[in-house]
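Q: requesting a structural model of the entry that follows:
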Amino acid sequence: MAELLAARAAESGEPASEPSARPVDAPPVDLSVVVVSYHCRDDVLACVESIAACPDQAQVEVIVVDNGSTDGTLEALAAWAPQVRTIAMGANAGFSRANNAGIARSEGRHVLVLNPDTRVEPGALDALVAFLDEHPDVGVAAPRLLNPDRTDQRTARSFPTPAAGVFGRRSPLTRWFPNNRWSSRFLSGRDHPGDEPFRVDWVSGAAMAVPASAIAAVGAFDETFFLFWEDADWCKRLADAGRPTWCVPAATIVHDEGSTRGHGWSPRVAAHFHRGAYLYWRKHHAPQPWNPARWAAAAVLTARAAWVMAADRVLAASRSSDLVPPAHASEPTPPVPEPSR
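A: Numbers count the residues shown, from 1 in each chain. You can find the predicted model right below:
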């Protein structure tokens, strides 16, 4: 990994000894990649290595914003990737705020918000930069996100509605009846299996490239969202400003979704998810305090969060109990609400 990163530094002209400074005569940055870390050192290093291994034509800088990790993330980056710019938040500031700190320090014409549990594939960054350069009115250009088994993660979607909570990506109804009209309407990216770019409402914040000019016009993430749904909100605000979201399938990035949280739903994560869903609904559908839909959403999402937490505790107890026969491990688990990332 060190050799790959050193080669990247040499190509860009960036001195390894001064990660926060760029030479005056260095080529302009085409793409700033902002990665937020939180106790996921190995994921961060692998993500950075995948970027360094890409033979891109675009000039790329990498900024890692650390949310108070105690696993040696910053020390490992200083040793293995000294040209990567780092920002220490000192505590868990949340996904939105940490990304905004990286965006504020970026120098690129475009910014790619990238999760640490992703692996960038060759040509992906160039494809995103080229698409944004050719379409200056676009607000977001997103790659096709793939699961580790290379199946489509189906993160190109229509804007969320109440029906999305029942017919989301992981809903049993979507698995049992994949072609039902509600799932088909929400998971709009399924209609575009080829490599041609297509317009979509909303993409995952795990990987979304945004022109710096769009950020200047609309703003970055809304920091009211701590974790989850900030990507849907950003896409909505950009769309309202006349800057649509597009998926660029020729750019592929592998996303081991949920690996940074152990592929599970702790009570805190479930609470952040449902709070984010409420904030999105309140902001874009029921901004008036007297709107009954606002309070109905709060009640439904609170009840759902409680159910998810209870279901997770039951599942955790059943896994750890010696009384549960091994055959039960293959039984279907209760449905998990649709995550935004």
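
Q: for residue 148, which non-adjacent residue is spatially closest?
A: residue 256 (5.4 Å; CB to CB, 6 or more residues apart in numbering). (Each C-beta comes from the backbone N, C-alpha and C, glycine too.)

Q: element containing the closest residue to residue 221 other than its chain neighbours, please.
A: With sequence-adjacent residues excluded and distances taken as CB to CB, 6+ apart, residue 221 is closest to residue 96, at 3.8 Å. Following DSSP states H and E, one finds residue 96 within helix 95-105.

Q: if we can go back for a sec, tell me the spacing between the residue nearest to residue 148 and residue 114.
A: As defined by CB to CB, to the nearest Å, residue 256 lies at a distance of 13 Å from residue 114.

Q: circling back to that earlier point, beyond the helix holding residue 96, next helix or strand please.
A: strand 110-114.

Q: the helix or strand following that following strand packs against which elements?
A: Downstream of strand 110-114, the first helix or strand assigned by DSSP H and E is strand 118-120. Helices and strands touching strand 118-120, by 3 or more CB pairs under 8 Å, 6 or more residues apart in numbering; DSSP states H and E, are helix 41-52, strand 245-255.

Q: columns mean neighbour count on top of these, output as CSV?
A: Listed next are the helices and strands packed on strand 118-120 as CSV, based on neighbours: other CB atoms under 10 Å:
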stretch, mean neighbour count
helix 41-52, 21
strand 245-255, 22
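
Q: tell me the pLDDT at the residue nearest to residue 148?
A: With respect to pLDDT, residue 256 scores 93.

Q: try residue 259
A: pLDDT, read off for residue 259, is 65.

Q: go on, the one 3 residues further on?
A: Looking at residue 262, its pLDDT is 57.

Q: residue 220 belongs to a strand?
A: No - assigned with DSSP: H, G, I helix; E, B strand; the rest coil, residue 220 falls outside any strand and is coil.

Q: wait, it touches residue 98, no?
A: No - the pair residue 220 / residue 98 is not scored as a contact, 11.1 Å apart, by CB atoms under 8 Å.

Q: these two - which one has more neighbours?
A: Neighbours were counted for residue 220 and for residue 98 using other CB atoms under 10 Å; residue 98 has more, 25 against 22.

Q: which parts of this structure are helices?
A: 2-12, 41-52, 73-80, 95-105, 124-134, 172-176, 181-186, 212-218, 230-240, 267-284, 292-320 (DSSP state H).

Q: okay if I get these as a markdown table plus distance to residue 59 and mean pLDDT?
A: Shown next, in a markdown table, are the helices of the chain (distance: least, CB to CB, whole Å; pLDDT from 0 to 100):
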| stretch | distance to residue 59 | mean pLDDT |
| --- | --- | --- |
| helix 2-12 | 6 | 42 |
| helix 41-52 | 12 | 96 |
| helix 73-80 | 20 | 95 |
| helix 95-105 | 16 | 97 |
| helix 124-134 | 9 | 98 |
| helix 172-176 | 41 | 64 |
| helix 181-186 | 37 | 58 |
| helix 212-218 | 14 | 97 |
| helix 230-240 | 24 | 97 |
| helix 267-284 | 34 | 88 |
| helix 292-320 | 43 | 78 |
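
Q: which one of those helices lies closest to residue 203?
A: helix 230-240 (6.6 Å; CB to CB).

Q: what's that closest one packed up against?
A: Right, helix 230-240 is packed against strand 140-146, strand 207-211, helix 212-218, strand 245-255, helix 267-284 by 3+ CB pairs under 8 Å, 6+ apart.

Q: for the ones you listed, give me a markdown table that also has distance to residue 124.
A: Formatted as a markdown table, these follow (distance: least, CB to CB, whole Å):
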| stretch | distance to residue 124 |
| --- | --- |
| strand 140-146 | 5 |
| strand 207-211 | 9 |
| helix 212-218 | 19 |
| strand 245-255 | 4 |
| helix 267-284 | 27 |
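
Q: residue 65: what's it in contact with?
A: Each residue near residue 65 by CB atoms under 8 Å, 6 or more residues apart in numbering is listed here: 34, 35, 36, 37, 86, 87, 89, 98, 99, 101, 102.

Q: so what's residue 102 closest to, chain neighbours aside?
A: According to CB to CB, 6+ apart, the nearest residue to residue 102 is residue 34 (3.6 Å).

Q: residues in contact with the one you found?
A: Residue 34 neighbours (CB under 8 Å, 6+ apart): 63, 65, 99, 102, 103, 106, 111, 112, 113, 114.
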